[in-house]
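**Q** no FASTA, just this:
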């Protein structure tokens, strides 16, 4: 079985603890199935100047 975990919450260099539960859960699933984690991030954050 293969599992894809799609999330916007995942640890980064800037926020090392953000989404740590996603990592924990993916590792637990990986004991029983192949896991791929897909971390969705925005291309950039819009500002007031963008309209």
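**A** Yep, that arrived. Being a predicted model, the structure only gives us computed values, none of them experimental.
**Q** Next, the contact list for the nearest residue to residue 34 once chain neighbours are set aside, please.
**A** Computed as CB to CB, 6 or more residues apart in numbering, the closest residue to residue 34 that is not its neighbour in sequence is residue 2, at 4.4 Å. For every residue, glycine as well, the C-beta is placed using N, CA and C. Applying CB atoms under 8 Å, 6 or more residues apart in numbering to residue 2 gives the contacts 33, 34, 35, 36.
**Q** Look up how far residue 9 lies from residue 41.
**A** The gap separating residue 41 from residue 9 is 11 Å, by CB to CB, to the nearest Å.
**Q** Which of these two has more residues huddled nearby?
**A** Legend: neighbour count by other CB atoms under 10 Å for residue 41 and residue 9, higher for residue 9 (13 against 8).
**Q** From what I see, that one and residue 25 are in contact.
**A** No - judged on CB atoms under 8 Å, residue 9 makes no contact with residue 25 at a distance of 10.9 Å.
**Q** Now do residue 3: how many residues are near it, please.
**A** By the criterion of other CB under 10 Å, residue 3 has 13 neighbours.
**Q** Confirm that it lies within a helix, as I assumed.
**A** No - using DSSP: H, G, I helix; E, B strand; the rest coil, the secondary structure at residue 3 is strand, not a helix.
**Q** Helices - which of the contacts of residue 2 land there?
**A** If you go by DSSP state H, the contacts of residue 2 have nothing in helices.
**Q** can you give me the helices for this structure?
**A** Assigned by DSSP H, the chain shows helices spanning 20-30.
**Q** Go through the contacts of residue 2 and name the one nearest residue 20.
**A** If you rank the contacts of residue 2 by distance to residue 20 using CB to CB, residue 35 comes first, at 15.9 Å.
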